[in-house]
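Colleague: Please work out how this folds:
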Amino acid sequence: QVQLVESGGGLVQVGGSLRLSCAASGFTLDDGTIGWFRQAPGKEREEVACILPKFGTQSYADAVKGRFTWSRDKNTVYLQMNNLKSEDTAIYYCAAVRGQQFMCLSAQYPYWGQGTQVTVSS
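Modeller: Numbers count the residues shown, from 1 in each chain. This is a model prediction of the structure:
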């Protein structure tokens, strides 16, 4: 059974930083693609980043390029978020899909974590 557990969200001021974690069980990171998505109140879920950990292939949404970066440690993926803006406020989800095809659409991901709230105050 695949489980993804996010943590690291919280309240931070504009310009601050947070590091989100996504711990995977029942799923080996090298076996697939990891996606980070977010959903703000009243808005549709959007892609933040997608990563193929085995090869280091990565893609970031334009809104977060240069501010967000990913890393990994064993079977946990991290999303380092720097220079946070108020528009980054959302629930952040990690998701996983098996296979080595690089996928960045939320509909392609069958496994999802419970989400972690990120609130950026001005």
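
Colleague: Provide the count of other residues in contact range of Gly42.
Modeller: 5 (other CB atoms under 10 Å). For the C-beta atoms, the positions are set from N, CA and C on the backbone; glycine is no exception.

Colleague: for the most centrally placed residue in the chain, helix, strand, or coil?
Modeller: Nearest to the geometric centre of the chain sits Trp36, at 2.5 Å (CA atoms, centre = their mean). Judged by DSSP: H, G, I helix; E, B strand; the rest coil, the three-state class of Trp36 is strand.

Colleague: which residues does it contact?
Modeller: Counting by CB atoms under 8 Å, 6 or more residues apart in numbering, Trp36 makes contact with 20, 22, 47-51, 70, 79, 92-95.

Colleague: can I get those in TSV with secondary structure, neighbour count and distance to Gly8?
Modeller: Below are the contacts of Trp36 laid out as TSV (DSSP: H, G, I helix; E, B strand; the rest coil; neighbours: other CB atoms under 10 Å; distance: CB to CB, whole Å):
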residue	secondary structure	neighbour count	distance to Gly8
Leu20	strand	24	4
Cys22	strand	27	9
Glu47	strand	18	19
Val48	strand	25	14
Ala49	strand	22	14
Cys50	strand	25	18
Ile51	strand	25	16
Trp70	strand	20	13
Leu79	strand	25	8
Tyr92	strand	23	9
Tyr93	strand	23	13
Cys94	strand	29	11
Ala95	strand	22	16
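
Colleague: Return the closest of the residues you listed with respect to Pro41.
Modeller: Each of these was checked against Pro41 using CB to CB; the closest is Tyr92, at 13.4 Å.

Colleague: Please verify my assumption that the closest one contacts Thr116.
Modeller: Yes - with contact defined as CB atoms under 8 Å, Tyr92 reaches Thr116; the gap is 5.5 Å.
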